[in-house]
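Participant: predicted model and sequence follow; I will ask about them next.
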Amino acid sequence: MQENNNDNDFSIFWIILIIFTVILGCRTFVYFQQEPIKTSDAALYVKPEINAKKECSLTKNSRVKVLKHKYNWIYVKTDKDKYGWMGTWMINPNYHNQINKLSEATIVIDAGHGGEDSGALSTQGKEEKTYTLRYAKQLAEKLRKAGARVYMTRDSNQTVSLSKRPELAEKVHANAFISFHFDSSPQDNTASGFTTYYYHKNNGSFRLAKDINSQLTSLGIDNRGVDFGNFLVLRDNSQPAVLLESGYINSDRDFSMISDSGYQNQVTSDVVKGLKLYFAGKNENAIIANDPN
């Protein structure tokens with residue numbers, strides 16, 4: 001009789017041990033599926049959008065389980081069973097969604113000048129700011145149709161400071177920043193062509209410039225290539241950023257193209273193609289005016 005009781009006690013012990021091991025294993029599995037939050041500004045939002053309503057703040061070193069992602073945002077479940085969206089950068093500065101196609105990307109488009117700043121003038125007094133906005137709005141429309149999330153530094157004839165333009169790219173953690181401009185030479189009708197500028201070599205800007213420039217092949221004016229440009233909107237921008245000088249506005253020949261809807265459509269379509277190349281990680285040849293390698 002004593003021997004049977006010992007056997008029963010032994011069986012109960014093993015059952016309890018197995019149950020404890022299973023529970024511990026499940027909790028360990030769940031724990032390692034979660035991401036620890038390493039920033040102090042993490043929060044849950046109702047939508048994957050920087051200006052969306054904030055539901056609650058999340059404490060540093062708490063953990064979340066990633067359920068899905070969209071653009072630079074992730075939908076998570078917290079360790080307190082709350083659900084919501086948060087920016088990937090809120091996990092830690094090195095946490096990123098893999099962006100492999102245009103429809104997953106967040107892009108900032110900058111229409112140069114605007115408002116009180118007319119930009120350069122054509123020989124007939126036409127203002128650069130008018131055409132940068134036309135090109136920017138058309139590109140935004142095409143990118144949105146392709147599924148990208150698009151922000152514009154301006155969408156009307158308004159004054160926007162230079163510093164606010166890269167600040168927007170930083171705020172939304174843009175995957176690409178495209179700035180439209182038109183060049184001008186010291187004397188009218190002495191220069192022609194378009195140039196693709198970058199500033200930072202190692203943050204993706206140089207490759208973005210090459211990929212976009214490689215698609216600008218049938219515009220009817222000279223491709224002056226990819227070149228280094230010390231412009232504030234590029235220099236103060238840690239996101240991949242390029243500035244497109246899409247012709248000389250004070251060249252009558254170039255301006256006849258710049259003001260032509262067909263040329264505008266070709267430029268914006270070619271930029272879309274270049275962005276698709278960039279996000280696909282493919283490499284194509286471009287004209288390099290100033291190769292940093």
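Facilitator: That came through fine. Numbering: from 1, shown residues only.
Participant: contacts and neighbour counts: CA atoms only from here.
Facilitator: OK.
Participant: can you show me the strands along the stretch 1-150 of the chain?
Facilitator: 34-36, 43-45, 54-57, 63-70, 73-78, 83-87, 106-111, 149-152 (DSSP state E, counting those that start in this stretch).
Participant: swap in the stretch 151-293 of the chain?
Facilitator: Assigned strands in the stretch 151-293 of the chain, in chain order: 176-183, 194-198, 223-228, 241-248 (criterion: DSSP E, counting those that start in this stretch).
Participant: nearest to Gln187, of the strands of the stretch 1-150 of the chain?
Facilitator: Across those, Gln187 has its closest neighbour in strand 106-111 (24.3 Å, CA to CA).
Participant: closest to Leu275 out of the strands of the stretch 151-293 of the chain?
Facilitator: The closest of the strands of the stretch 151-293 of the chain to Leu275 is strand 176-183. By CA to CA, the value is 8.4 Å.
Participant: partner strands of that closest one, with direction?
Facilitator: Here strand 176-183 is paired, per DSSP bridges, with strand 106-111 (parallel), strand 241-248 (parallel).
Participant: and the contacts of that strand?
Facilitator: By CA atoms under 8 Å, 6 or more residues apart in numbering, the residues outside strand 176-183 that reach it are 105-112, 120, 128, 132, 135-136, 169, 194, 208, 233, 239-250.
Participant: same check, this time on stretch 160-174
Facilitator: 50, 72, 105-108, 110, 113-115, 153-154, 176-177, 232-234, 236-240.
Participant: give me the buried entries from these.
Facilitator: By neighbour count, with 16 or more other CA atoms under 10 Å, the contacts of stretch 160-174 hold 72, 105-108, 110, 113-114, 153-154, 176-177, 233-234, 236-240 as buried.
Participant: need the helices for this structure, in chain order.
Facilitator: 2-33, 128-145, 164-172, 205-213, 232-235, 252-258, 261-280 (DSSP state H).
Participant: quick one: the third one to strand 241-248, angle?
Facilitator: With axes from the mean of the first three to the mean of the last three CA atoms, to 10 degrees as the basis, helix 164-172 and strand 241-248 are set at 140 degrees to each other.
Participant: which parts of helix 164-172 are buried?
Facilitator: Arg165, Pro166, Glu167, Leu168, Ala169, Glu170, Val172.
Participant: so what's the nearest residue to Val150 once chain neighbours are set aside up against?
Facilitator: For Val150, ignoring the flanking residues on the chain, the nearest one in space by CA to CA, 6 or more residues apart in numbering is Ile107 at 5.0 Å. Residues near Ile107 by CA under 8 Å, 6+ apart: Ala148, Arg149, Val150, Tyr151, Ala169, Ala174, Asn175, Ala176, Phe177, Ile178.
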